[in-house]
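Peer 1: next comes the sequence, and after it the predicted model I'd like to discuss.
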Amino acid sequence: MTSTSTVSAEEVVGVVRSGDTVMVGGFGLVGAPLTLIDALVDHSDATDLTIVSNNIGEPGRGLGRLLRQRRIRRGISSYFTSNPEAVAAVNAGEIEATLVPQGTFAEAIRAGGAGIGGFFTPVGAGTLLAEGKEERVIDGVRHVLEKPILADVALVYAARADTLGNLWYRRTARNFNPLMATAATITIAEAGEIVPVGELEPESIVTPHLYVDRLVTAA
Amino acid sequence: MTDDVKARIAERAARELRPGEVVNLGIGIPNLIPGFLGPGSGVVLHTENGLLGVGPRPEGDEHDPDLIDAAKLPITALPGAVYFDSAQSFAMIRGGHIDVAVLGALEVSSTGDIANWAVPGKDVLGVGGAMDLVVGARRVIVTMTAMSSRGEPKVVPVCSYPLTAAGVADVIVTELSVFRLVDGGLRLTELLGGSTVDDVKDVTEASFVVALEGTHAAR
């Protein structure tokens, strides 16, 4: 859809339902949509969530708050280790962990958004992380079949948006955000600043507005 | 492991890098390498969270909250630096566009297998970009102490820890020596810090061929 509505964070998190898969941008807390995450923690009771994010926040910060509420059933991530409470929750059997090499994680989300049904990568072949996955030898090299990752809702952060929902990212706060914006049924963008249409240089826009369904100003 | 030992390993590893090479540095000893690259080294640093052209760490308390490296520590960006999303960053890595990856390891085998992400039964919840980097980088340099903190040799016939990837290491730099993987076998090419071949044999479980190149050869 091309229409993007600007709403409050408290209101917008109502789209997240129990059992949903939710993608959350950010590398650690850099580029994480903290206003949206806090709204999800404080103004939604959706539980049993599958969280797709490179990390599960930090203790008591970002997704670490949602973890403390025990509303995460499963995490898909490349690095749970940056939040010791997430590691403890996995070891205690409170959440299910799916560990994915970071490049595979990024590419699987990209593939999801691009309508690709899967891809073969040499990364992980012959390791614990390839167990149970289909393998194929391509030009003499072992490859692993990786399926796309999709979500019901994506929460992303951009430094600047226009009112149409075009997004511009700043420095290393870009990371997984542009990928996740493409791979969910509903994409909610949190922007540091929302400017009138026409103010973003078209060539500098990284996420075209058709991917963005709701727009929230960062707190 | 003392800081002095780490610094010596980093200093030697820095001399493996050539002008114009694009290099990704892992966490730990590799992160000390920039201190040994002169301003005119011509080495271009890549960080997998989305920046080519990493500069020095910022001085004092002032830093840009949107600018971190893969260790989630503040960095700066050099003139000519470029930011990109995580899928593109790992396309650079997987696609063979990164010349060198330097990283630490728990074990390296005599055929170049690397184990550097997991200790069985303890921590198998963080892999990050390690698997992508060792598979994709054109040259893989391992920096590590010759023995673990428990006094066990780290250069071994077969890795006992879960593999990051098989047959990918090209160079191993420890405080005692430089090994090179040539035609699928291990060669001792340089002795460091006044060590002897017997010193190296004492702490190396894997068999190797002695092919010393002289103290400052090995470029």
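Peer 2: Sure thing, it's come through.

Peer 1: so what touches the helix or strand of chain A with the lowest mean pLDDT?
Peer 2: Ranking every helix and strand in chain A by mean pLDDT, DSSP states H and E puts strand A:5-6 at the bottom, with a mean of 80. Outside of strand A:5-6, the residues within contact range by C-beta atoms under 8 Å, 6 or more residues apart in numbering or on different chains are A:163, A:194, A:213-217. Where C-beta positions appear, they are placed from N, C-alpha and C, glycine not excepted.

Peer 1: what about B:Pro153, how many residues nearby?
Peer 2: Look at B:Pro153: counted by other C-beta atoms under 10 Å in any protein chain shown, it has 15 neighbours.

Peer 1: er, B:Met147 actually
Peer 2: 19.

Peer 1: can you pull out the helices in chain B?
Peer 2: Per DSSP state H, chain B carries helices over the ranges B:3-14, B:86-94, B:130-136, B:197-202.

Peer 1: near chain A, anything from the second one?
Peer 2: Yes. Under the criterion of C-beta under 8 Å from any C-beta of the partner chain, chain A is reached by helix B:86-94 at B:86-87, B:89-91, B:93-94.

Peer 1: one step back: among the helices of chain B, which is the most enclosed?
Peer 2: Most buried of the helices of chain B by mean neighbour count (mean count of other C-beta atoms under 10 Å in any protein chain shown) is helix B:130-136; its value is a mean of 29.

Peer 1: that one near chain A at all?
Peer 2: Yes. Judged by C-beta under 8 Å from any C-beta, helix B:130-136 and chain A are in contact via B:130-132, B:135-136.

Peer 1: put together CSV for those residues, with pLDDT on each row.
Peer 2: What follows is these, written out as CSV (pLDDT from 0 to 100):
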residue, pLDDT
B:Ala130, 97
B:Met131, 98
B:Asp132, 98
B:Val135, 98
B:Gly136, 98
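
Peer 1: just want to check the distance between the closest residue to A:Arg61 other than its chain neighbours and B:Ile93.
Peer 2: Leaving aside its sequence neighbours, A:Arg61 sits nearest to A:Leu29 (C-beta to C-beta, 6 or more residues apart in numbering or on different chains; 6.3 Å). A:Leu29 is 23 Å from B:Ile93, where distance means C-beta to C-beta, to the nearest Å.

Peer 1: before we move on, what about B:Ala10?
Peer 2: To B:Ile93, B:Ala10 is 22 Å away according to C-beta to C-beta.

Peer 1: go on, B:Gly20?
Peer 2: Using C-beta to C-beta, B:Gly20 is found at 18 Å from B:Ile93.

Peer 1: run a quick neighbour tally on residue 157.
Peer 2: Just so you know, I chose chain A. 29.

Peer 1: was after chain B, sorry
Peer 2: With other C-beta under 10 Å as criterion, B:Pro157 counts 12.

Peer 1: how about it, what does it touch?
Peer 2: Neighbour list for B:Pro157: B:109-110, B:205-207 [criterion: C-beta under 8 Å, 6+ apart].

Peer 1: I'd assumed B:Ala146 was in contact with B:Met1.
Peer 2: No. In this structure, B:Met1 is not within contact of B:Ala146 by C-beta atoms under 8 Å, at 10.2 Å.

Peer 1: so these two - more neighbours on which side?
Peer 2: Neighbour totals were compared for B:Met1 and B:Ala146, and B:Ala146 leads with 20 against 14 (other C-beta under 10 Å).

Peer 1: low-scoring stretches of the chain, by residue?
Peer 2: Assuming you mean chain A. Scanning chain A with the threshold set as pLDDT under 70 gives A:1-2.

Peer 1: not what I meant, chain B
Peer 2: Using pLDDT under 70, chain B drops low at B:214-219.
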